[in-house]
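Sequence first, predicted model second:
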Amino acid sequence: MSSMPKTFHFISGLPRSGSTLLSALLIQNPDVHAAMASPLGPLYGVVSSHLSAKNEVYSHISDVSRERILRGLFDNYYSYTDKKIIFDSGRYWTSKMSMIAKLFPSAKVICCIRPVEEIVSSFEKLLDSNPLESTAMFGFSSDGNLHSRAEYLRSPKGMIGAALNNLKQAYYGPFSQRLLLVPYDRLVTEPIEVLRHIYDFTGLDPFMHNLQNVEYSADEVDRRLGAKGLHTVRGPVSARESEPRLPPELIRSCRVSNFWANPLELGASQARVL
């Protein structure tokens, strides 16, 4: 068990936008731990709720105790690794920027982004590659069609909609200077340049990454989700077909959500967009 003080940063943003690839690259650095989404987001929500006034012993919980308990979640969860730099992943974190600023004063949040029409198309390609499976992404239901699935994904509780709303909250919020938005297309076409920006932004020492042999998988997790290949990265970093295979009206509808592509929107935040 490691007692070495750790530096925490976070990976968040939108689904199917490169967070697994980014983690697979970062863990090549022997000082860095990164992975797919951890359970710390849900754990934080549960523990924070029980430390609130709904608990009958709330008056016995001081602000100092609350801070130590919540920070302790992170320190204790990652006590199994000797890596000194932790990138914890979760789309939840962009909704908790004030907490991050309080518990981790030097932490940065790397947000992977991608045009929403490409994300919807990526989900459809994943379904096409597992045609006999029903997936947790849609409640293990095999009903519906492209349009209903896209509507569900983009709804406030859907995987895209919830993450997008969290991201916009952080992007326009008072802690936006902690955000670095990384477009998927830049990550796969200019990985060295993107990693250089991330290292500069987080204060990490430079490291030479191997772009020809990048590997990460979570096969058991993907099997339980009914989404084989969801968190699999293998081989060299390269751009793949990204042109969305969607009806034109759905593409137009999705593009409205790509707020980072609007120059007028970019000026309203201190976040950095690569």
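All right, it came through fine.

what ranges of the chain fall below the confidence cut-off?
1-4, 132-141, 216-235, 241-244, 266 (pLDDT under 70).

All the strands of it, residue numbers only.
Assigned by DSSP state E, the chain shows strands spanning 7-13, 32-34, 85-89, 109-113, 179-183, 272-273.

most tightly surrounded among these?
The highest mean neighbour count among the strands of the chain belongs to strand 109-113 (a mean of 27), with neighbours defined as mean count of other C-beta atoms under 10 Å. For the C-beta atoms, the positions are set from N, CA and C on the backbone; glycine is no exception.

For that strand, which outside residues touch it?
Identification of contacts with strand 109-113 by C-beta atoms under 8 Å, 6 or more residues apart in numbering yields 9-14, 17-19, 22, 87, 93-94, 97, 100, 167, 170, 178-184, 187, 198, 201-202, 260, 271.

re the thing from before, which among the strands of the chain is found nearest to Leu40?
strand 85-89 (5.8 Å; C-beta to C-beta).

Pairing partners for the closest one, with directions?
strand 7-13 (parallel), strand 32-34 (parallel) (DSSP bridges).

Mind putting these into TSV with distance to Ser238?
Shown next, in TSV, are the strands paired with strand 85-89 (distance: least, C-beta to C-beta, whole Å):
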stretch	distance to Ser238
strand 7-13	21
strand 32-34	20
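
quick one: Glu56 from Asn29, how far?
46 Å (C-beta to C-beta, to the nearest Å).

thinking again about what came up before, which of the strands paired with strand 85-89 sits closest to Glu265?
Nearest of the strands paired with strand 85-89 (C-beta to C-beta): strand 7-13, 15.9 Å.

Run through who's touching the closest one.
By C-beta under 8 Å, 6+ apart, the list of residues contacting strand 7-13 reads 19, 22-23, 34, 74, 84-94, 100, 104, 106-113, 163, 166-167, 170, 181-182, 202.

ok, which stretches of the stretch 151-274 of the chain are helices?
For the stretch 151-274 of the chain, applying DSSP state H, counting those that start in this stretch gives helices covering 159-171, 184-189, 191-202, 219-225, 248-255, 263-266.

Now mean neighbour count too, for those, in JSON lines please.
As requested, the helices of the stretch 151-274 of the chain are arranged in JSON lines below (neighbours: other C-beta atoms under 10 Å):
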{"stretch": "helix 159-171", "mean neighbour count": "21"}
{"stretch": "helix 184-189", "mean neighbour count": "18"}
{"stretch": "helix 191-202", "mean neighbour count": "17"}
{"stretch": "helix 219-225", "mean neighbour count": "13"}
{"stretch": "helix 248-255", "mean neighbour count": "14"}
{"stretch": "helix 263-266", "mean neighbour count": "11"}
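
Could you export the ones you listed to CSV, including columns for distance to Arg240?
Listed next are these as CSV, based on distance: least, C-beta to C-beta, whole Å:
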stretch, distance to Arg240
helix 159-171, 20
helix 184-189, 7
helix 191-202, 14
helix 219-225, 19
helix 248-255, 18
helix 263-266, 27
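
closest one to Tyr78 among those helices?
Taking the helices of the stretch 151-274 of the chain one by one with C-beta to C-beta, helix 191-202 is closest: 16.5 Å.

packing partners for the closest one?
Where contact means 3 or more C-beta pairs under 8 Å, 6 or more residues apart in numbering; DSSP states H and E, helix 191-202 is packed against helix 19-26, strand 109-113, strand 179-183, helix 184-189.

Compare the ones you listed and report which one is nearest to His60.
strand 109-113 (32.8 Å).

Run a quick neighbour tally on Ser38.
For Ser38, the count of nearby residues is 18 (other C-beta atoms under 10 Å).

Spatially, and excluding backbone neighbours, which residue is closest to it.
Asp88 (5.3 Å; C-beta to C-beta, 6 or more residues apart in numbering).

Pretty sure that neighbour sits against Leu43.
No: taking contacts as C-beta atoms under 8 Å, Asp88 lies outside contact range of Leu43: 11.2 Å.

picking that back up, wait, which of the strands paired with strand 85-89 is closest to Pro156?
Taking those one by one with C-beta to C-beta, strand 7-13 is closest: 17.1 Å.

what's the angle between the closest one and strand 109-113?
Counting by axes from the mean of the first three to the mean of the last three C-alpha atoms, to 10 degrees, strand 7-13 lies at 20 degrees to strand 109-113.
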